[in-house]
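> Next comes the sequence, and after it the predicted model I'd like to discuss.
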Amino acid sequence: MKKGIHYKLISADAKGIGFNFKEVWKYRDLIFLLVKREFVSRYKQTILGPAWAIIQPLLTTIVFTFIFGNVAKLADCGAVPTFLFYMCGNIAWQFFAGCLSGTANTFVLHRGMMGKVYFPRLCVPISTVLSRMISFGIQAVMFIVFLVIYLFIPQYKIGINAYVLMAPVLILQMAILGMGVGVIISAATTKYRDLQFLVGFGVSLWMYATPVAYSMSLFKSSRALYLIARANPMSPIIEMMRYGFLGPDAGSVDWLSYGWSWIFTLAVLVLGVLLFNKVERNFMDTV
Amino acid sequence: MSEEILRIEHVSKKYRLGMIGGTTLRDEIKRKWAKHRGLEDPTAKIGSDFEGKIGDEFYALDDVSFSVDQGERIGIIGHNGAGKSTLLKLISRITAPSAGSIEMNGRIASMLEVGTGFHPELSGRENIYMNGAILGMTKAEIDKKIEDIIEFSECRRFIDTPVKRYSSGMYVKLAFSVAAHLDSEIMIMDEVLAVGDMAFQRKCIEKMSQVSETEGRTILYVSHNMNTIRQLCNRCIVLDHGRLVFNGDVEEAISIYLGHNSKEYSSCIEVTPSMRSPLWPDPQVSIERIFAESPDGIISFGEKLRFRVEICNRKETDEELFLRIAVRTGAGAAVSMATTPKKIRVPANDECFVAIQLDTAQLVPGSYMLTFALVEGGALGFDSNVDVLSDVYSFSILATPEFNHGAAWNTQWWGNLAISDLEVEQN
């Protein structure tokens, strides 16, 4: 057979990592439409519509501020308003958790569509992450509005500094980490549905191992706890985010931990894509 | 023109019986642990030993090979479970084969289902973009074709309404329109037309024939409707239990699929109670046997079919009845009827043989089924059935070079009856 531009060979013995980024790029319009579809369908038949993107984290932040901040006094943030302290950590964490749990059920949720037509399967998790990013963007605007308001209240001291510029890098890293872990889980759930139930539990457990509801400084009392907290790849991300926006009272910068966090993130990404690639060939038979 | 575009070589697809989706992590660990200690598999079903390991496997496709040239329109037929859909799934890359390889030299547009990715909340127009993108079109390509798509779908009035308000017919029309306007070299369709109305079905077939002829696109089409297969395809593949049993001429393929295989053909039909129509279950006067003279159920156009029918009368009185033969197409559509000109006399408590001859000169080539019936002529022109044997005899008529002066007969438009040529007087 003469090999034309659209030549393709499907063979029973998969050879190596035939991952095709070019193909995903070709389907970018599909990714865009999937994002749109997810967004439109999420807020259809709700009265408040996209306002929910703001209300949800706002309510969680208020609850956190009250319970963890005022009652349990877990927020060790000096002159930085507790409300901002929690909002910063919360929005960032919700973004990460959303990416993770959203991509974790890729195959199970979209099997109807995937069972009928071929398109690069990776389009679905990518679109999930992008749609989370839009929600995150809306929430970030809300956070900045609150930040500016608090800047004008003299009793609070907010030490916003140059680490703010790290924010895009941190967001990207959270997206990669969330998608990587999610994709690994999605690849495993095609065969073992058990993991589906673990995801929700695992994510909230992970949150408590991350300084979201409290400050990193609380871990310092115990060597073991502090080590675990530093080994958690999400900790330095949240901490650096707070450091940049709210100042040294609210967060910290730990380059060793942060470096490890990147290594972990990239390893998860590579593993996730490899696993996903392996599963996508045959998942329709098991899912 | 006749360039090879798709080649399928020794493709098999294996499934594990009873295990699909049924594994949990716990079972898997148990199995690994048992294997590690050399014990038997604790999750295996009791009593499955005698079948051994191989018994757990099932070949949906078994060593299938064929190739397709550009511009061909291939019909894929076979009974349920023959592996048709599995084959299409492999070609459209939804799942990978267990053995063998598939090579293709073009993009594929597959319609294994209508409206894949349609979201009920989105409008028709938005769904066109969504569906197009899933099928591999870019936004710019859809922009260029959206007017044609909307026009073809006949849904212009509702195009900005959410598709959840559409009727299922409109849904199909819209979905088909998107797929028909794709820029692909190979089109794959799995019975998608079954839902649309007749007019739209015909429009779709025309559209597909047109894109195949003018743009040289290749079509793979699965259907149980032999009429559409006849009309659209120029070659057929017959699958049976995962194996390719025939690859070639459409009429021949259809007769193989409908079971007119010479091996299975029997020229004597012994009537059993189950063959009788349930409306007339236990007739006093009945057809007992039908002997067909044709050796294989295949005749050429214009030939006559001869039968000897044995009729039995269990009544104490002589009976006089008509014998009637109703003709239906292989797909089950009524064509016509022929009856004996006079009543047949069957003596009391006796049986008789009738030799009859069915002139098929007006039936166009294709496959047909015959229903034999005994009919009582009543008063006032009413008649009532006494014994009805539905679709007991099937046969195929092959085209001769003279038929229709050598041109193809389009059943979809012209039906199954050939009337004699027009008489022409030119002045």
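Received it, and whenever you're ready, just let me know what you need.

> Kindly report the residues of the stretch 151-287 of chain A close to chain B.
With Cβ under 8 Å from any Cβ of the partner chain as the criterion, the stretch 151-287 of chain A meets chain B at residues A:Lys191, A:Tyr192, A:Arg193, A:Asp194, A:Leu195, A:Arg281, A:Asn282, A:Phe283, A:Met284, A:Asp285, A:Thr286, A:Val287. For the C-beta atoms, the positions are set from N, CA and C on the backbone; glycine is no exception.

> Could you list the buried residues of stretch A:264-279?
A:Phe264, A:Thr265, A:Val268, A:Leu269, A:Gly272, A:Val273, A:Leu275, A:Phe276, A:Asn277, A:Val279 (16 or more other Cβ atoms under 10 Å in any protein chain shown).

> could you redo those residues as a markdown table and give each row distance to B:Val285?
Output for those, formatted as a markdown table (distance: Cβ to Cβ, whole Å):
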| residue | distance to B:Val285 |
| --- | --- |
| A:Phe264 | 88 |
| A:Thr265 | 86 |
| A:Val268 | 82 |
| A:Leu269 | 82 |
| A:Gly272 | 77 |
| A:Val273 | 76 |
| A:Leu275 | 73 |
| A:Phe276 | 71 |
| A:Asn277 | 71 |
| A:Val279 | 67 |
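
> quick one: low-confidence parts of chain A?
A:1-5, A:12-20, A:286-287 (pLDDT under 70).

> Quick check, central residue of it?
A:Phe96 (1.9 Å; Cα atoms, centre = their mean).

> Contact partners for that one?
A:Met174, A:Leu177, A:Gly178, A:Met234, A:Ile237 (Cβ atoms under 8 Å, 6 or more residues apart in numbering or on different chains).

> ok, so of the residues you listed, who is nearest B:Lys343?
A:Gly178 (85.2 Å; Cβ to Cβ).

> Now the closest one. Nearest residue, chain neighbours left out?
In this structure, A:Gly178 finds its nearest non-sequential neighbour in A:Cys99, 2.9 Å apart by Cβ to Cβ, 6 or more residues apart in numbering or on different chains.

> Tell me which residues touch that neighbour, please.
A:Thr128, A:Val129, A:Arg132, A:Met174, A:Ala175, A:Leu177, A:Gly178, A:Met179, A:Gly182 are the contacts of A:Cys99 under Cβ under 8 Å, 6+ apart.

> ok, now with 7 Å
Taking Cβ atoms under 7 Å, 6 or more residues apart in numbering or on different chains, we find A:Cys99 in contact with A:Thr128, A:Val129, A:Arg132, A:Met174, A:Ala175, A:Gly178, A:Met179, A:Gly182.

> Make JSON lines out of the buried residues of stretch A:264-279 and add secondary structure.
Rendered in JSON lines, the data for the buried residues of stretch A:264-279 read as follows (DSSP: H, G, I helix; E, B strand; the rest coil):
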{"residue": "A:Phe264", "secondary structure": "helix"}
{"residue": "A:Thr265", "secondary structure": "helix"}
{"residue": "A:Val268", "secondary structure": "helix"}
{"residue": "A:Leu269", "secondary structure": "helix"}
{"residue": "A:Gly272", "secondary structure": "helix"}
{"residue": "A:Val273", "secondary structure": "helix"}
{"residue": "A:Leu275", "secondary structure": "helix"}
{"residue": "A:Phe276", "secondary structure": "helix"}
{"residue": "A:Asn277", "secondary structure": "helix"}
{"residue": "A:Val279", "secondary structure": "helix"}
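
> nearest to B:Pro162, of those?
Nearest to B:Pro162 among the buried residues of stretch A:264-279, with distances taken as Cβ to Cβ, is A:Phe276, at 32.6 Å.

> B:Pro341: how many residues sit nearby?
6 (other Cβ atoms under 10 Å in any protein chain shown).

> coming back round to it: so how do I select the buried members of the residues of the stretch 151-287 of chain A next to chain B in PyMOL?
Buried residues within those, by 16+ other Cβ under 10 Å, are selected in PyMOL with:
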select buried, chain A and resi 191+192+195+281+282+283+284+285+286+287
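
> okay if I get the residues of the stretch 151-287 of chain A next to chain B as CSV plus secondary structure?
Shown next, in CSV, are these (three-state DSSP):
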residue, secondary structure
A:Lys191, coil
A:Tyr192, coil
A:Arg193, coil
A:Asp194, helix
A:Leu195, helix
A:Arg281, coil
A:Asn282, coil
A:Phe283, helix
A:Met284, helix
A:Asp285, helix
A:Thr286, coil
A:Val287, coil
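
> Out of the buried residues of stretch A:264-279, which is nearest to chain B?
Using Cβ to the nearest Cβ, A:Val279 comes nearest to chain B of those, at 10.9 Å.

> element containing the closest residue to that closest one other than its chain neighbours, please.
With sequence-adjacent residues excluded and distances taken as Cβ to Cβ, 6+ apart, A:Val279 is closest to A:Ala187, at 4.3 Å. Element membership for A:Ala187 (DSSP states H and E) is helix A:167-189.

> Name the residues that touch that helix?
Against helix A:167-189 from outside (Cβ under 7 Å, 6+ apart): A:92, A:95-96, A:99-108, A:125, A:129, A:133, A:195-196, A:199, A:233, A:237, A:240-241, A:244, A:262, A:265, A:268-269, A:271-272, A:275-276, A:279.

> And it, how far out from the chain middle?
6 Å (Cα atoms, centre = their mean, to the nearest Å).

> likewise stretch B:372-381?
For stretch B:372-381, the distance to the chain centre is 35 Å (Cα atoms, centre = their mean).

> same check, this time on stretch B:140-147
34 Å.

> The residue nearest to A:Gly178 and chain B, how far apart?
Distance, A:Cys99 to chain B, using Cβ to the nearest Cβ, to the nearest Å: 22 Å.

> Just confirm that residue is within a strand.
No - with three-state DSSP as the criterion, A:Cys99 is helix rather than part of a strand.

> Now do the same contact list for whichever residue of the stretch 101-250 of chain B sits closest to chain A.
The stretch 101-250 of chain B approaches chain A most closely through B:Ala133 (3.8 Å), counting by Cβ to the nearest Cβ. B:Ala133 is in contact with A:Asp29, A:Leu30, A:Leu33, counting by Cβ under 7 Å, 6+ apart.

> can you do 8 Å?
A:Tyr27, A:Asp29, A:Leu30, A:Leu33, B:Lys139, B:Ile142.

> And for the closest residue to it other than its chain neighbours, the neighbour number?
Among residues not flanking B:Ala133 along the chain, A:Leu30 sits closest, at 3.8 Å (Cβ to Cβ, 6+ apart). By the criterion of other Cβ under 10 Å, A:Leu30 has 27 neighbours.
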